[in-house]
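In: Provide a 3D model corresponding to the input given below.
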Amino acid sequence: MSSANNDEVISRASPHTIKKFELIETYVKTWAQKLLNNQYCNGLVFIDCMCNSGEYYDDNHKQVFGTAVRVSKVLREAAGQYPGKQISLYFNDISDEKVCHLEQLIEKDKSNFHIHTSIGDGNELLKKIGQNLSHISNIHYLLVYDPYDATIDWNAIFPFLNNWGEVIINHMLSDSVRAVKMAKTKAAIDKYEQTYLTDIENLIPYGSDKAAYEKRIEEIIVALRRKQNRKYYIAAFPFFNSKNSIVYNLIHCTSNIAGFKLYKETAWKTFGGKSSTKDTHGEENQLVMDFEGHGCATTKTDEYCYYVKDIAKYLQTIFEGQQGVKLDEIWAVLDEHPIFPSDGFKPQIKKELSQNYGATISRESISFAVGSYKA
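Out: From the prediction side, this is the model:
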């Protein structure tokens, strides 16, 4: 990912960047355990093709480790727990100084744990690896694609979107919102046309509409899928800086609903029980009139930072007045939702429905009341 001090071997990591490290690390820890415990999984491959040096400092000048160091530690421990499964990691950066520094920080190889480092264009590495994906079975991939200059090379990602595995893409939303309308040089125009796979004339009307850029990226991901009849899951979570401005979306793509559910749960827990790093200053508790419903009071909803109360509100809207709705049916609705989790938050969701929407909770079902939020 681009930064003002990107040339430094050890650079500053902002709080939202550290949260990104935490999210990926936590996700990989559970992702690896779930897969390695499956008899049909022979091994894992993790790829960070723009890995940086692996070491940073925070706002208090304390040492912070990045994705590469964190994940290598997690997966080396997993390799020790599953000696019959092979784990390979690929770390690449365009800077030889950063790669050399990373090599001093990461764990060494063992019989079933191998780290491959390289220097160069990360997209070229992905194209090389991608050529062999279709010939490998029972190996599960996780690609972290975090480009320095906010450019997405879809040709490099394409094989990973179409094979058994998962992709995490850092969509540098702030760059597009700020700079697309000012793009004049051929290099700048090419960058955005490549990222959004459309002419710059089609992007200019987006202006500062973040949702338009987000939607375009998801449209591309879906369009690149060869097996259009097979369900594909996309979950995107925004990261905000200290000024409360959105910086990027971390997009998770998979054909496996278990990975989709796990990523949503991990993101919400990383953010402390909400869907982003945005500071809503308590506005989520502010009462507003719901003129689209019964014209009664409800709580304010921020589409860039949802809380558990928003999950309850969503379920109340769907099941209002229905009696004895099976819990499995309710959780299945959330399983398919692009942002809302069910796993990890079920007790909180049931409590919110009971206390603020008058729902009756039983061991196997929920009866939803008619009415609105109880202030």
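In: where does pLDDT dip in the stretch 151-300 of the chain?
Out: By pLDDT under 70, the low-scoring segments of the stretch 151-300 of the chain are 283-299.
In: residue ranges for the strands of it, please.
Out: 165-171, 233-240, 246-254, 287-290, 296-299 (DSSP state E, counting those that start in this stretch).
In: reformat these as CSV; add distance to residue 368 and mean neighbour count.
Out: Using the backbone N, CA and C atoms, a C-beta is placed for each residue, glycine as well. CSV is the format used below for these (distance: least, CB to CB, whole Å; neighbours: other CB atoms under 10 Å):
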stretch, distance to residue 368, mean neighbour count
strand 165-171, 34, 22
strand 233-240, 26, 22
strand 246-254, 30, 22
strand 287-290, 16, 13
strand 296-299, 15, 17
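In: the ones you listed: which one's closest to residue 12?
Out: With CB to CB as the criterion, residue 12 lies closest to strand 246-254 of the strands of the stretch 151-300 of the chain, at 14.1 Å.
In: just want the angle from the closest one to strand 165-171.
Out: Put simply, strand 246-254 runs at 170 degrees to strand 165-171, going by axes from the mean of the first three to the mean of the last three CA atoms, to 10 degrees.
In: what lines up beside strand 246-254 in the sheet?
Out: Within its sheet, strand 246-254 is paired with strand 165-171 (antiparallel), strand 233-240 (antiparallel), according to DSSP bridges.
In: domain map for this structure?
Out: Domain assignment for the chain by automatic domain parsing gives 11-270, 283-367.
In: got TSV for these, with distance to residue 277 too?
Out: TSV is the format used below for the domains of the chain (distance: least, CB to CB, whole Å):
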stretch	distance to residue 277
domain 11-270	5
domain 283-367	8
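In: of these, flag the one that's most buried.
Out: domain 11-270 (a mean of 18; mean count of other CB atoms under 10 Å).
In: name the element residue 314 belongs to?
Out: helix 308-319 (DSSP states H and E).
In: show me what the very next helix or strand once past that helix is packed up against.
Out: Next in sequence after helix 308-319, counting helices and strands by DSSP H and E, comes strand 325-326. Counting contacts by 3 or more CB pairs under 8 Å, 6 or more residues apart in numbering; DSSP states H and E, strand 325-326 is packed against strand 365-367.
In: show me what the strand it packs on packs onto, helices and strands only.
Out: Using 3+ CB pairs under 8 Å, 6+ apart: strand 365-367 touches strand 325-326, helix 327-335.
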